[in-house]
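Chemist: No sequence on hand, only this structure:
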């Protein structure tokens, strides 16, 4: 990061404000410059040299850098006030405390996925369902949170194996919310293999959004997510059809978790989503938690291998869009939303300060409260660092816990070594849970961080596409960032 007053020629005097820069491997003639508020411009190598040496800039370069408050011309304090406003907007997610509340109603599941990150147990196991007393206390903590717009998410295991508890929680929340008057949105993550007409009617009544896993075609999906009957893919497609019929297509999304086998066929995975009528796909890498960490030698891959796969898949998705088949890569859309808009990311993992605890609270089946879903996964691995306490603790004590103190110290990317000077820091999150899992330390070391390597590669790829000057590419990126067609964006 560079800043400070620069003596330059009288014909073009300016003062440097803080900025960061990066050279893009995919666009060697463009230098990315990012402002303190996360806005960006592409400048020539000559203009970057002029900035570093305090020389006069090209007229175009000076205008672009002044517009995003990288330089100040004149004595006005307007650039400082603009930066303050933009930073306040970008960090506005901090208002209102945690808004995502995850209820882990059971750890039971009938799948034996090779990459399971939650260390699920057999669907026949006992003592792994949330009790009524735990659920009632968790609902108390939900309403203790100050936010007026809350999302309640149900996870497992397979949460539909504990549907009676889901019904109890939703009906209790609805009854109590008559006095609290919060806006509450419900989501559930499920295999969809245990749906019934009664469950679907309940999901429709309470306007649930549903997420499921679909790893590609039958061979890939059944290999990654095996069932004894070897029919996981077929049963998932049956569930997808039932949810679409009952809830509508806009209330169902799917994501793919990538194993080494998945990396062999990026185009085929995307084409399977298109064939099934999906307009979005989430290409999610493995997480360093649970069974996935134990199986890394068999199903894992390097950040470089993931990025090579992702570049191929993304280029295929762009080709489909140009040919009239609209499909969005969800993670790219989240990153582009941070890059191209002034607003905070809706994805808590990409926030700084970190979304764990500050944006999320997780109520485990056994009454433990965690700062994030990854925090409870760490606990299953024997690492209790992100356990805030119990559902029976006061909300104020959970927020003031040692785990929250740890996150406050290690969760601000702008203050971390290896992140503070990164041009991409405004669009990324620090990942303390991943660092704890891989290095035993919440800060970790960016030189060895798969999270850092992967995201640096993704930002290089996306910024290079924006720098290419191709109008169709820019249009697709803007549509994804704003979540609506380019004409509406304009």
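Modeler: The structure has been received and is ready for your questions. Worth saying up front: this structure is predicted, and the values here are computed from it rather than measured. Residues are numbered from 1 along each chain as shown.

Chemist: what's the residue nearest the centre of the chain in contact with, if anything?
Modeler: Centroid-nearest residue in the chain, with C-alpha atoms, centre = their mean: residue 347, separated by 3.9 Å. Listed by C-beta atoms under 8 Å, 6 or more residues apart in numbering, the contact set of residue 347 reads 334, 355. All C-beta spots, glycine's among them, are computed from the backbone N, C-alpha and C.

Chemist: ok, 6 Å please
Modeler: Residue 347 makes contact with residue 334 under the criterion C-beta atoms under 6 Å, 6 or more residues apart in numbering.

Chemist: Could you tell me how far it is located from residue 148?
Modeler: 20 Å (C-beta to C-beta, to the nearest Å).

Chemist: One more: residue 301?
Modeler: 42 Å.

Chemist: Show me where the stretch 301-450 of the chain dips below the pLDDT cut-off.
Modeler: In the predicted model of the stretch 301-450 of the chain, no residue satisfies pLDDT under 70.

Chemist: Tell me where it has strands.
Modeler: Here the stretch 301-450 of the chain has its strands, by DSSP state E, counting those that start in this stretch, at 328-329, 360-363, 368-370, 387-390.

Chemist: quick one, which of residue 301 and residue 148 is more surrounded?
Modeler: More crowded of residue 301 and residue 148, by other C-beta atoms under 10 Å: residue 301, with 19 against 12.

Chemist: Give me the spatial nearest neighbour of the more buried one, chain neighbours excluded.
Modeler: Leaving out its chain neighbours, the residue that sits closest to residue 301 by C-beta to C-beta, 6 or more residues apart in numbering is residue 260, at 5.1 Å.

Chemist: where does the one you found fall, phi/psi-wise?
Modeler: Main-chain torsions, residue 260, degrees, to the nearest 10: phi -60, psi -40.

Chemist: Does it touch residue 305 like I think?
Modeler: No. Under the criterion of C-beta atoms under 6 Å, residue 260 is not in contact with residue 305, lying 7.9 Å apart.

Chemist: Please give me every residue in contact with residue 326.
Modeler: Listed by C-beta under 6 Å, 6+ apart, the contact set of residue 326 reads residue 279.

Chemist: For residue 319, see how far away it is.
Modeler: Taking C-beta to C-beta, one finds residue 326 at 12 Å from residue 319.

Chemist: try residue 277
Modeler: With C-beta to C-beta as the criterion, residue 277 and residue 319 are 19 Å apart.

Chemist: do residue 454 as well
Modeler: Remark: distance between residue 454 and residue 319 (C-beta to C-beta) = 23 Å.

Chemist: who's more crowded, those two?
Modeler: Shown here are residue 454 and residue 319; by other C-beta under 10 Å, residue 454 has more neighbours (17 against 12).

Chemist: Contact partners for the residue nearest to the more buried one when sequence neighbours are not counted?
Modeler: Leaving aside its sequence neighbours, residue 454 sits nearest to residue 303 (C-beta to C-beta, 6+ apart; 4.6 Å). By C-beta under 6 Å, 6+ apart, the contact set of residue 303 is 450, 453, 454.

Chemist: again, only this time at 8 Å
Modeler: Applying C-beta under 8 Å, 6+ apart, the residues contacting residue 303 are 450, 453, 454, 457.

Chemist: Now the phi/psi pair for the third one, please.
Modeler: The phi and psi torsions at residue 454 (degrees, to the nearest 10) take the values phi -70, psi -50.

Chemist: State the distance from it to residue 411.
Modeler: The gap separating residue 454 from residue 411 is 19 Å, by C-beta to C-beta.

Chemist: cool, and residue 69?
Modeler: Taking C-beta to C-beta, one finds residue 69 at 26 Å from residue 411.

Chemist: Pick out whichever of those two has more residues nearby.
Modeler: residue 411 (26 against 21).

Chemist: For the strand of greatest length in the chain, enumerate the helices and strands it packs against.
Modeler: For the chain, the strand reaching the highest residue count under DSSP state E is reported as strand 14-24. In terms of contacts (3 or more C-beta pairs under 8 Å, 6 or more residues apart in numbering; DSSP states H and E), strand 14-24 is packed against strand 2-6, strand 27-35, strand 71-72, helix 450-467.

Chemist: Now distance to residue 341 too, for these, in CSV please.
Modeler: Formatted as CSV, those follow (distance: least, C-beta to C-beta, whole Å):
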stretch, distance to residue 341
strand 2-6, 25
strand 27-35, 14
strand 71-72, 23
helix 450-467, 13
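
Chemist: Nearest to residue 202, out of these?
Modeler: Residue 202 sits nearest to helix 450-467 of all those, at 37.4 Å, using C-beta to C-beta.
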